[in-house]
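Peer 1: fold the following for me, if possible:
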Amino acid sequence: MQQKSIRDHRHVYLVNVGVNLAHKLRSPIFPDARFEFVPIPEGGDIGECVKADITPITYADLFCYNSSRKLLSLFSHKLQDEFANRVVHYDPNLNNINDTLHAGFTYGDIPYTNARASSLRGAQPGDLLFFMANLALYDGNKRIYVQGRRALYLIGFIEIDTVLEYIPQKKLLHDPFSGCHYDVLQFPRNAHVKRLLMLPQRFERQPFMMFEGSGRSRRFEFAVPITRPLCDMCMRDKEDRPFDYSKFRSLDACIGAYTRAVRPHFKLNQWEDRQRFQILLEYIATFNAMPAFVY
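Peer 2: Residues are numbered from 1 along each chain as shown. Model (predicted):
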């Protein structure tokens, strides 16, 4: 395989992750802006998993980030029973301090078969993946979700350290920038590796990419709201034009539509993109501590 060369500037991608309006579970945000991230279901339960060198993760295995409670304790008993044995697509991993068996910074996608993620084929070490999630306001005193109070927030980012591609024909992971090959068992934290080994009947022929994060990666302590003024200052559509809100019934619908496909919203060799990205970083820093970026 031909070895890829690394471009001399960063790309910054926006990636929409986690449960959304199409799922029964919700990712809660609390009144102080702390939050819990709830990954999407894998599409099967633990009974479908084959015996492998990796243990499947179910919703019953997950703990909260902000406390020692089980994550499912934030839901009704009916939903707890329904999802306890459902396998989780644990992606991205954002170094959950109460979930040490699965901790680390990693993200995967299927850009060769999923058109919405196709731009990730061009991602490289040094690029940044900023994650957005749909969060629902949770009333801790009443232990209920507040109806109608859902919105999109930034929840963290991965600074890519290593890019790996799974090659089904060789059953190996390939680093296109170093030319090295790796056994999949060397990267057991990634959700795509897990489902490849646990559900091979579905995924053994599916190529995917995974991204391991550097130590500068962050899971935010406080969710960062994506507001209309922020969009006006920082966000552009794929034609580099401001968002057109008139086409949508709500701000969230507008943001969701423009960020549905993963793409580099900031190419940091371009002066205007650097300026917009700096505004975004300064905005995030009003909620969370951030490392300095050189670009």
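Peer 1: and residue 148, its phi and psi?
Peer 2: The phi and psi values for residue 148, taken as degrees, to the nearest 10, are phi 80, psi 0.
Peer 1: tally of neighbours for it?
Peer 2: Residues lying near residue 148 (other C-beta atoms under 10 Å) number 7. C-betas here are computed from N, CA, C, even on glycine.
Peer 1: how near is it to residue 136?
Peer 2: Residue 148 is 9 Å from residue 136, where distance means C-beta to C-beta, to the nearest Å.
Peer 1: could you do residue 18 as well?
Peer 2: Using C-beta to C-beta, residue 18 is found at 11 Å from residue 136.
Peer 1: can you check residue 191 too?
Peer 2: Using C-beta to C-beta, we find residue 191 at a distance of 22 Å from residue 136.
Peer 1: and residue 171, by the same measure?
Peer 2: Residue 171 is 40 Å from residue 136, where distance means C-beta to C-beta.
Peer 1: quick one, which of those two is more surrounded?
Peer 2: residue 136 (20 against 11).
Peer 1: residues in a beta bridge with the more buried one, which ones?
Peer 2: residue 28, residue 150 (DSSP bridges).
Peer 1: what sits against it?
Peer 2: For residue 136, the contact set (C-beta atoms under 8 Å, 6 or more residues apart in numbering) comprises 26, 27, 28, 29, 145, 146, 149, 150.
Peer 1: need the strands for the stretch 101-250 of the chain, in chain order.
Peer 2: Secondary structure of the stretch 101-250 of the chain (DSSP state E, counting those that start in this stretch): strands at 105-109, 128-139, 144-167, 172-174, 181-182, 209-213, 218-225.
Peer 1: any weak-confidence spans in the stretch 151-295 of the chain?
Peer 2: For the stretch 151-295 of the chain, applying pLDDT under 70 flags no range at all.
Peer 1: quick one: contacts for residue 143?
Peer 2: Contacts of residue 143 by C-beta under 8 Å, 6+ apart are residue 74.
Peer 1: please report how far it lies from residue 258.
Peer 2: 34 Å.
Peer 1: quick check: neighbours shared by residue 18 and residue 136?
Peer 2: By C-beta under 8 Å, 6+ apart, residue 18 and residue 136 have these common neighbours: residue 27.
Peer 1: picking up where we left off before, want to throw the strands of the stretch 101-250 of the chain into TSV with distance to residue 233?
Peer 2: Output for those, formatted as TSV (distance: least, C-beta to C-beta, whole Å):
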stretch	distance to residue 233
strand 105-109	26
strand 128-139	15
strand 144-167	14
strand 172-174	39
strand 181-182	41
strand 209-213	27
strand 218-225	14
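Peer 1: would you check which pair of the contacts of residue 136 lies furthest apart?
Peer 2: Largest separation among the contacts of residue 136 by C-beta to C-beta: 27 and 146, giving 13.6 Å.
Peer 1: these two: which has the busier surroundings?
Peer 2: Neighbour count, other C-beta under 10 Å: between residue 27 and residue 146, residue 27 has more, with 25 against 14.
Peer 1: verify the stated contact: that one with residue 40.
Peer 2: No. Applying C-beta atoms under 8 Å as the test, residue 27 and residue 40 come out as separate, 10.3 Å apart.
Peer 1: need the contact list for the nearest residue to residue 46 once chain neighbours are set aside.
Peer 2: Computed as C-beta to C-beta, 6 or more residues apart in numbering, the closest residue to residue 46 that is not its neighbour in sequence is residue 85, at 4.8 Å. Contacts for residue 85 (C-beta under 8 Å, 6+ apart) come out as 45, 46, 47, 58, 60.
Peer 1: does the third one sit in a helix, a strand or a coil?
Peer 2: Under the three-state scheme (DSSP: H, G, I helix; E, B strand; the rest coil), the conformation of residue 47 reads as helix.
Peer 1: residue contacts, it?
Peer 2: Residue 47 is in contact with residue 85, counting by C-beta under 8 Å, 6+ apart.
Peer 1: separation between it and residue 86?
Peer 2: Counting by C-beta to C-beta, the gap from residue 47 to residue 86 is 10 Å.
Peer 1: now the second one
Peer 2: According to C-beta to C-beta, residue 46 stands 8 Å off from residue 86.
Peer 1: follow-up on the earlier one: shared neighbours, residue 27 and residue 40?
Peer 2: Residues within reach of residue 27 and of residue 40 at once, by C-beta under 8 Å, 6+ apart, are 18, 19.
Peer 1: need the residues that contact the helix ranked longest in the chain.
Peer 2: Secondary structure of the chain per DSSP state H: the longest helix is helix 271-284. For helix 271-284, the surrounding residues in contact (C-beta under 8 Å, 6+ apart) are 12, 154, 220, 224, 230, 233-236, 266-268, 290, 293, 295.
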